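Colleague: Sequence plus the predicted model coming up.
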Amino acid sequence: MTISRQDIEKVALLARIRVDDQEVTALEQDLGNILGLVDQLQAADTEATEPMAHPLDAVQRLRPDVVSESDQRAAFQAIAPATENGLYLVPRVIE
Amino acid sequence: MHNKTVAELSRDLESGQVSSVELTRHFLDRIQQQDSQYNSFITVTEEQAMAEAEAADQRRQRGDATPWTGIPFAQKDIFCTRGVRTTCGSKMLEPFVPPYNATVTQRFEDAGAVSLGKTNMDEFAMGSSTESSYFGATTNPWGERRVPGGSSGGSAAAVAARLTPAATATDTGGSIRQPAALCGITGLKPTYGRVSRYGMVAFASSLDQGGTMARTAEDNALMLNVMAGFDPRDSTSVDQPVPDYTADLAQPLNGLRIGLPKEYFTDQLSPAMADAVQSAVREYEALGASVREISLPHANLAIAAYYIIAPAECSANLSRFDGVRYGYRCKNPEDLLDLYTRTRAEGFGSEVKRRIMIGTYALSAGYYDAYYAKAQKVRRLIRQDFIDAFDDVDVIMSPTTPSPAFVQGEKTSDPVTMYLEDIFTISTNLAGLPAMSVPAGMIDGLPVGLQIIGRYFDEARLLNVAHQFQQATDWHLRTPND
Amino acid sequence: MQWDVVIGLEIHVQLATQTKIFSGSSTAYGAEPNTQASAVDLAMPGTLPVANEAAFRYAVMLGLAIEADISRRSVFERKNYFYPDLPKGYQTTQLAQPIVGPGHVDIELADGRQKRIRIHHAHLEEDAGKSLHEDFHGMSGIDLNRAGTPLIEIVTEPDMRSADEAVAFARKLHGIVTSIGICDGNMSQGSMRFDVNVSIRPKGEDKLGTRTETKNLNSFRFMEQAIHQEVERQIDVLTDGGAIVQETRLYDGDTQQSRSMRTKEEANDYRYFPCPDLLPVVIDDAFIAHARQHLPELPDARKARFMTAYGLTDYDAGLLSSGAAMAQLFEDTVKHGKDPKLAANWLLGELSARLNSEDREPANCPVTGAQLGALILRISDGTLSSSGAKKVFEGLWDGEATDVDSLIEARGLRQVSDTAALEQIVDTVLADMGEQIAQYQQADDKKRKKLLGGFMGPLMKASGGQGNPKLFNEILRRKLDR
């Protein structure tokens, strides 16, 4: 399995990671090798097998609907890169 | 003092032979004097440790001490520590000081343990050599320029160098067992769900599990006594009673059935490593165990399945690092897209980016069934192999790693060679089973580990099996230089 | 050319839980920005979701109300995309295995016929935060209080054929979710938001046309306008020989304009996969039975009851039963005011007019059922004339007083019903009206009825508007009909 430069650019955009041409070239090689490794999977006979998302066959516990959290805005925003009037600031969002 | 185990130090504290302040000072001094050689710590919390030690001594005097009250330990820098920087080995979290504790951290705090600081690790726990840390590589105390393994290489090196009696760690594909083996210490990855993941920075949620590192099995048992247990804040945490893991350590091993997977003992395995495991197995036979060959037919697919599932989960888990609410943010973003793409390009190292991209690719339209769904199915087959094998045996043994510690830089150029480091450890994460690594020999002056895999929630037996081995052998007592 | 319109709806219903779907943060509306955003809601590293029981209870109640299949096993998945109001970089939602399967809602058409609208499924998911676009030096502000609020998204089949049908469905659904108490129904606060999928096709054509999706309509009126506009737009495009582009559109209720969202349709690839931090939710029969037992009365059943128990007309019963708040107002009014017909007249007349003119929901009606009931009692017992009753109602609405009787006293609105006093007034007035009396007495019965009115004006004037008109009438007849 090979992965093309276009694939890498598309994936990088989906993952919101900027890559320059040089990085794309390196990734072409590295990701290609990794995909080569994982392609072994295709040999497995999984016809009658269900996918398994969790190692234990457990089910979700449901939490009672009771407020347990209090306002910690000051503590949380003390570690934020940019805030104003209690809001997180980001470059202008255009819809 | 630093050669003593947690169990011994706990007795010394109890008898008043030593105070936590003295003990803590001693380990802090060792870190200060020696850690420049190893770089096993990212952050040392000297002031806080001394304050905790004083509080622990007072608590002991009040008479409500636990076995851990006043015992110094170190925490992998993946566990969120209130008020103490938690970096996960990444530039992305270089400035991150969480206002909350991981459940594991909280449990040690409640027990009165003294945190010395945060240990080095591969960035976001992705790696097998602790070379991908933004804060520099950690060096194995057993050999100059040797890697300590990873991702919990800082914790392993710190315990091996006796800069701390014990350290917490995490294991997603071998990140406790492989560095434990390479550093000549004892490490345990519990059953998935046994230890809360809350506050443990996620790499691959369905594989990550917090665990223990110390020099002896007994100390691992003492650690697990603190760490294990249900946590209502982690949906995947299991609500099952927690035994006293030290209770069964002394049980004899008569009648223990050991399985050796034939798929792990092939021509590929180096003769030296095969010898080490075989002599360990002979030791077990002498202790009353029986040995048989078993088969894990899908073992050869574990790495492939893992390198789809782990990256897929990580690609989503690491999306929260976007420069908006905490952590690194690129300078002067032009627009929103620039904020995201540059923050993440500058904040993540290359291995993390590779895995995010592989995971993104595997989940993307047109590839999901061929990669992700397929890997999930193979994962079930791998688990079934173990369940079948445990019909006939009580524990499964193998080498922990293919070889002893390699030289720094040897495997960084090709990610795939690095991935193969975890060939023996990865399948237990896929299955969610508990497994240990126990020092079991030396090759060319470097320690190697024996991996012991157990049934679900059978940690007490694993610790018993490891402890009995340590009563009969002294590999775990070997120390690098000094 | 004649066109058929095809409409399908996706409705986001905010569930009226106390806490968020995956954290214990309050969901109360209107708090200061980010004061109800906990570590989990902010996607702080290491934090984990735990699902809220009430969200599932409400989802099951909805399923029962729309006679849908309820999935015994539902699975949360991650929908991956980057947006500043989405802290984790993915939305936790349900895709392949939603909690509520196919169901239906019956609506009443303008001509009285019933029509069945099929529900494709309904799934639980988390709401996003809000981006505030007012200018912070060229930046946007992000408030994450809403992030993690539980939503149930209800997806219909494309079964509606006009804006009227779509609005009838929307109103009916609003009545259902408010009646069973799973949503406060407050549209202006975004508690219910509609996405409208519209396509057109030449009359008689089976194949569906290309559809557009107009997002986030939060009033029935906007929804109606947006559909009309979109249908017009699509007809114009097709008539001009153009083609409809599948796109997402935004409707601005203030300008009554819609526009295509500028979101780069850069292949939205959401990379759904099962959320590894959450386990499958298994709902058992007991859970469903319990929800069924506690399911409040549905609008259709309530309408039938209003007709039989209170003798209301089909039309009045329909209007009063469709929404929970109005139905409650009606029942409270009857409880205190006895006369159901009079209660219905007041609620559908005076009260509804006032709600409409102030654009208020019945849930925010300033007059309570108990007050209106007390008012009706005073009408029935003759204390209030109809004009006096209107004045009292105004007084209650404006908060002049909360008690009907004290308002009547304070404003001097009590009718004079003392026969002796009224007789005296009649005598005085009649003394000056000899001519009219003669005219009356010469008239036939039919004409007399009309002429009687000519005496009422002066009588009411003489009594300062407080004379009981019914009694005046009786006295007049007695005195004149000799």
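Modeller: That came in fine, so what should we check first? All values reported here derive from a predicted model rather than from experimental measurement.

Colleague: Go through the one helix or strand residue B:346 maps to and flag the buried ones.
Modeller: Secondary structure from DSSP states H and E places residue B:346 in helix B:336-347. Buried residues in helix B:336-347, counting neighbours by 16 or more other C-beta atoms under 10 Å in any protein chain shown, are found at B:336, B:339-347. Where C-beta positions appear, they are placed from N, C-alpha and C, glycine not excepted.

Colleague: Keep those, but drop any that are not near chain A.
Modeller: Counting by C-beta under 8 Å from any C-beta of the partner chain, B:336, B:339-342, B:344-345 from the buried residues of helix B:336-347 sit close to chain A.

Colleague: show me where the stretch 151-300 of chain B has helices.
Modeller: Secondary structure of the stretch 151-300 of chain B (DSSP state H, counting those that start in this stretch): helices at B:153-160, B:177-183, B:217-227, B:271-286.

Colleague: what angle separates the helix or strand following the helix holding residue B:346 from helix B:336-347?
Modeller: Toward the C-terminus, helix B:336-347 is succeeded by helix B:350-363 as the next helix or strand (DSSP H and E). With axes from the mean of the first three to the mean of the last three C-alpha atoms, to 10 degrees applied, the angle from helix B:350-363 to helix B:336-347 works out at 130 degrees.

Colleague: What is the distance between helix B:350-363 and the centre of its chain?
Modeller: Between the centre of helix B:350-363 and the centre of its chain there are 23 Å (C-alpha atoms, centre = their mean, to the nearest Å).

Colleague: helices or strands up against that helix?
Modeller: Where contact means 3 or more C-beta pairs under 8 Å, 6 or more residues apart in numbering or on different chains; DSSP states H and E, helix B:350-363 is packed against helix A:5-14, helix A:21-38, helix B:302-317.

Colleague: Quick one: mean pLDDT over the shortest one.
Modeller: When the per-residue pLDDT values of helix A:5-14 are averaged, the result is 95.

Colleague: who touches that helix?
Modeller: Applying C-beta atoms under 8 Å, 6 or more residues apart in numbering or on different chains, the contact partners of helix A:5-14 are A:18-19, A:24-25, A:27-28, A:31, B:341, B:357, B:360-361, B:364, C:80, C:266-267, C:269, C:271.

Colleague: which of these are buried?
Modeller: Buried subset of the contacts of helix A:5-14 (neighbour count, 16+ other C-beta under 10 Å): A:18-19, A:24, A:27-28, A:31, B:341, B:357, B:360-361, B:364, C:80, C:269, C:271.

Colleague: before we move on, the earlier item: what would the buried residues of helix B:336-347 look like in JSON lines with distance to chain C?
Modeller: Formatted as JSON lines, the buried residues of helix B:336-347 follow (distance: C-beta to the nearest C-beta, whole Å):
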{"residue": "B:336", "distance to chain C": "7"}
{"residue": "B:339", "distance to chain C": "9"}
{"residue": "B:340", "distance to chain C": "6"}
{"residue": "B:341", "distance to chain C": "9"}
{"residue": "B:342", "distance to chain C": "13"}
{"residue": "B:343", "distance to chain C": "11"}
{"residue": "B:344", "distance to chain C": "9"}
{"residue": "B:345", "distance to chain C": "14"}
{"residue": "B:346", "distance to chain C": "16"}
{"residue": "B:347", "distance to chain C": "13"}
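
Colleague: Just the pLDDT at residue 51, thanks.
Modeller: I'll assume chain A. At residue A:51, the pLDDT value in this model is 95.

Colleague: Switch to chain C, please.
Modeller: 98.

Colleague: so who does the residue of chain B found nearest chain A touch?
Modeller: With C-beta to the nearest C-beta as the measure, residue B:432 is the residue of chain B nearest to chain A, at 2.4 Å. Counting by C-beta under 8 Å, 6+ apart, residue B:432 makes contact with A:54-56, B:191-193, B:383, B:456.
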